[in-house]
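Visitor: Just a sequence and a predicted model for now, questions to come.
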Amino acid sequence: MCASARIAERMWVVRVKRLRLVTLSVRNAGLTSFKYLRAHRLPVALKALFLQRLCRRCPAGVAGHCCNAAAQVKQGIWHVCCAATAPDGSVQNRAASGPKTRPTDRLLKLWRKANAVCFDVDCTVTVNDSLDLLAEFMGVGELVAAVTNKAMDGSMNLEAALEERLHLINCTPADIKRFIAAYPPSSRLVPGVEGLIKALQARGVAVYLISGGFRELTLPIGKHLEIPRENVFANRMNWQWDDEAGEITKLVGFDMKEPTAHNRGKPAAIAQIRQRNPYTTVVMIGDGITDLEAVQETGGADLFIGFGGVVERPVVAAGADWYMYDYQQLMDTLKRYTVAMIGSGAWACAATHIIAQNCLARDEADEFVDDVRMWVYEEKYQGRKLTEIINERHENPKYLPGVELGPNVMADPDLESTVRGADILVFCAPHQFIQSICKQLIGKVKPEAFAISLIKGMRVRPDGPQLISQAINKYLNIDCSVLMGANIAGGSPAAHEGGFNSQRMDRFSPQAISPASCAGAATCCR
């Protein structure tokens, strides 16, 4: 038996019902399921040893998956990494630690770089199932809810479930209009989902709704959330036209051409989305088994985030890459950029004034951390340290008197402390010092950070001139965008730094040197 077990660890082939063979490489155990592995011919002891060893070899979090889902014994499917065999031969869930509510660094990166986020609708965007609510409105709520639960836990074929639910509801177009008037979309949304969707849209992330329900019920929700109609994937109801009455009078089924009308329709819908758009990272968020499937198919989603804020389904909770109960959790993990200013002369202070306003602005994207650190070359001013005065008055009385930097600006005389953890480095110091500044920062800057240069001029070297952006890129190995300052000197104690005239600050709007704009410029300069 021990020898057989060792062989099974490397490659196990087992005869199953009707002489079908299933082959599984241990190397791929983290992403593969044993279908119909409940064959009675496989000894219980061997099953237990085989599955337990696979679980040890594939701990939760490896490649962000572990197993796709918990064991579904009733359907004859074992998901090997999260299942173990009890003494009586039954399969039990090994995910004793519960759902993965804390994302790994890899999952966070996927979430933050998503080009498109696809939401399931019922019990994910809304607090209830639209078709179930319509059924309740039509007086057949309990009957339809029972069918819905069978479809969501995977015990009933999706096509059969849809057909059965529509047959029970038997509504008319007039009934749907009355239903939408009685239950407007705004009254049905899960708390926090609208804010998350608006934040994603404001950041340029495409948002889609992919529902196993119907367009007639989903489109009003999409319209409320300002999601384009072409970004809504759902089934279509088929209606019978009565020639004698001259109107639609009867519901006669649904359009089978829609991908969501079939099993594994959601990964098929995502595949269509990817064919039309050059998305590199697609995320699926949902509560049901059909949503979990979206990450299990080639061409589907890159990350599945399970949502249990309305209904928690054990199979989905166990199989999700990341599981959450509150949309605030996702809002809190959206990428927010920390900005550091390197320089404190007149032009640097003017730029900091604008950056600080942008960082404090309460917009839907909320892309920036409120606090801005500014590196100040320490010197005395009226007998006191300049950094102490700046942090006390929130202005630089020596180089830009009378202009408030912002309550969220912190002057720091330590260069390394200023840039620690910063995502955006704004360089605005005299060009002759940029080489020594960069040398001091080698190895101290985040690899994924990028720079913005507000410095005029260039370095003059024996072998020829060098752009400041090139110097920054060379020493720090990060992208650097360039935004030139004002070109007329006068009226500034720091004319040598960039010739900024404090009397003409009205020429600059808060968006003129927005970190968001510069972030886009950095991308273009790569």
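Guide: Yes, it's here.
Visitor: Now residue 311: which helix or strand?
Guide: Using DSSP states H and E, residue 311 falls within no helix or strand.
Visitor: what's the first-to-last distance across stretch 225-240?
Guide: End-to-end distance for stretch 225-240: 31 Å, by CA to CA, to the nearest Å.
Visitor: model confidence over the one helix or strand residue 481 maps to, on average?
Guide: Here residue 481 is covered by strand 480-482, with elements defined by DSSP H and E. Mean per-residue pLDDT for strand 480-482: 93.
Visitor: Next, count neighbours for residue 107.
Guide: Residues lying near residue 107 (other CB atoms under 10 Å) number 21. The way it works is simple: take the backbone N, C-alpha and C, and place the C-beta from them, glycine included.
Visitor: That one touches residue 324, doesn't it?
Guide: No. Counting by CB atoms under 8 Å, residue 107 does not reach residue 324; the two are 11.3 Å apart.
Visitor: shared neighbours, those two?
Guide: Counting by CB atoms under 8 Å, 6 or more residues apart in numbering, residue 107 and residue 324 have no contacts in common.
Visitor: strands paired with the strand holding residue 481, and their directions?
Guide: If you go by DSSP bridges, strand 480-482 pairs up with strand 450-453 (parallel).
Visitor: for the partner strand, what is the average pLDDT?
Guide: Mean pLDDT, strand 450-453: 96.
Visitor: before we move on, what about stretch 287-304?
Guide: 90.
Visitor: Tell me the spacing between residue 292 and residue 266.
Guide: As judged by CB to CB, to the nearest Å, residue 292 and residue 266 stand 9 Å apart.
Visitor: ok, the two, which is more surrounded?
Guide: Taking neighbours as other CB under 10 Å, residue 292 and residue 266 compare with residue 266 leading, 30 against 26.
Visitor: List the residues that contact that one.
Guide: The contact partners of residue 266, by CB under 8 Å, 6+ apart, come to 118, 120, 210, 212, 259-260, 284, 286, 290-291, 293-294, 300.
Visitor: when you check the residues you listed against the strands, which ones overlap?
Guide: Within these, residues falling in strands by DSSP state E are 118, 210, 212, 284, 286.
Visitor: So which of those is the closest to residue 175?
Guide: Taking CB to CB as the measure, residue 175 lies nearest residue 212 of those, at 20.4 Å.
Visitor: tell me the secondary structure for residue 274?
Guide: Assigned with DSSP: H, G, I helix; E, B strand; the rest coil, residue 274 falls in the helix class.
Visitor: Compute the distance between it and residue 211, please.
Guide: Using CB to CB, we find residue 274 at a distance of 18 Å from residue 211.
Visitor: try residue 313
Guide: Using CB to CB, residue 313 is found at 16 Å from residue 211.
Visitor: circling back: may I see the buried residues of the strand holding residue 481?
Guide: 480-482 (16 or more other CB atoms under 10 Å).
Visitor: Output those residues as JSON lines; include the columns distance to residue 445.
Guide: Formatted as JSON lines, the buried residues of strand 480-482 follow (distance: CB to CB, whole Å):
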{"residue": "480", "distance to residue 445": "11"}
{"residue": "481", "distance to residue 445": "15"}
{"residue": "482", "distance to residue 445": "18"}
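Visitor: Just name the closest of these to residue 185, please.
Guide: Once CB to CB is applied, the member of the buried residues of strand 480-482 that ends up nearest residue 185 is residue 481, at 40.8 Å.
Visitor: There's contact between that closest one and residue 453 in this structure, I believe.
Guide: Yes. If you go by CB under 8 Å, residue 481 and residue 453 touch, sitting 7.2 Å apart.
Visitor: what touches both of the two?
Guide: Shared contacts of residue 481 and residue 453 (CB under 8 Å, 6+ apart): residue 469.
Visitor: follow-up on the earlier one: can you work out which residues contact both of residue 292 and residue 266?
Guide: residue 286.
Visitor: check contacts around residue 445.
Guide: 419, 422, 425, 476, 478.
Visitor: whoops, I mixed them up, residue 376
Guide: Counting by CB under 8 Å, 6+ apart, residue 376 makes contact with 344, 386-387, 390, 396, 411-413.
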